[in-house]
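> Structure of the sequence below:
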Amino acid sequence: MSKTQPSPLVVCRNLCKAYGTKTILQDINLEIPRGKIIGLLGRNGAGKSTLIKILNDLITPTNGEATIDGGPIGIHSKQIISYLPERTYLDKTMTVAQTIKYFYEFYDNFDPAKAKRLVHELNLDLNAKISKMSKGMQEKLQLILVMSRNAELYILDEPLGGIDPATRDYILDTILSNFNDNASILISTHLIADIERILDEVIFIDQGKIILIDNADNLRAKHHTSIDEVFRQTFKANVNR
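Sure thing, here's the model as predicted:
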């Protein structure tokens, strides 16, 4: 007997978001399977952050619907999504250790032992006060906190933005080795060349519409080049139209 395919982790149907007469997302139809790392790729203003905010219940769609783990976005989805926003949200009066303790008390699925191990591996100091840490160090800490939850969906918005190039490969390996096989990761980034080696699938979004969804290896084989180059060619063509 063939195995039953697991249901998608995320389903978006005819999802739209508008502010007055300005349409930000238009008819987004999308399924995110379990056990995949997916790149959400597009230029500034393409709609990436709006889609991410809808999935995290930070804004509501104008039309259409999104479900996560078979249910509506809300209390349950917040419990199974671990979200890394683009901007730092840490309480800068706290130390690293105090922040880990706070997350452990706040999230049932937070693993403080994993967090402390990653703090050590990424050369942070448990006793350091966040206000004294550089932007790159704070971003490392945020990523540690996000990946230390035993979540089903990790949503990472520009996880490498303030991290130096020498550390990026280590950060990517940290992401790869710190989520379970049944979970998925959705990564929104401009640094496609840096992350494409870990991607299973890619989504190109432009002007609020999804213009491509494909398997990463298929896309590379089809175009005989990197995903970064496919992205550049696609959006250069769109600009010239």
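> those strands in the protein, which residues are they?
For the chain, the strands identified by DSSP state E occupy 10-19, 22-32, 37-41, 63-68, 71-72, 81-84, 153-157, 184-188, 201-206, 209-215, in order along the chain.
> what would these look like in TSV with mean pLDDT, distance to Asp228 and mean neighbour count?
Placement of C-beta: from N, CA and C, glycine included. Converted to TSV, the strands of the chain look like this (pLDDT from 0 to 100; distance: least, CB to CB, whole Å; neighbours: other CB atoms under 10 Å):
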stretch	mean pLDDT	distance to Asp228	mean neighbour count
strand 10-19	96	25	17
strand 22-32	95	22	17
strand 37-41	95	9	23
strand 63-68	95	28	17
strand 71-72	93	36	12
strand 81-84	94	22	22
strand 153-157	94	18	23
strand 184-188	95	14	24
strand 201-206	95	10	22
strand 209-215	95	14	16
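> Of those, give the one that comes closest to Lys116.
Minimum separation from Lys116 across those (CB to CB) falls at strand 81-84, 17.3 Å.
> Report the buried residues of stretch 110-122.
Taking 16 or more other CB atoms under 10 Å as the neighbour-count basis, stretch 110-122 is seen to contain the buried residues Phe110, Asp111, Lys114, Ala115, Lys116, Leu118, Val119, Leu122.
> Among these, show me the least confident.
Minimum pLDDT for the buried residues of stretch 110-122 is recorded at Leu122 (89).
> just checking, that residue touches Glu139?
No. Leu122 is not in contact with Glu139 according to CB atoms under 8 Å; the separation is 10.4 Å.
> Mutual contacts of these two, please.
By CB atoms under 8 Å, 6 or more residues apart in numbering, Leu122 and Glu139 have no common neighbours.
> one step back: Asn127 is nearest to which of the strands of the chain?
The nearest among the strands of the chain, by CB to CB, is strand 81-84 at 23.6 Å.
> Could you name the helices and strands sitting against that closest one?
If contacts are counted by 3 or more CB pairs under 8 Å, 6 or more residues apart in numbering; DSSP states H and E, strand 81-84 sits against helix 135-147, strand 153-157.
> so what strands line up beside the shortest one?
Sheet pairing here is set by DSSP bridges, and for strand 153-157 it gives strand 81-84 (parallel), strand 184-188 (parallel).
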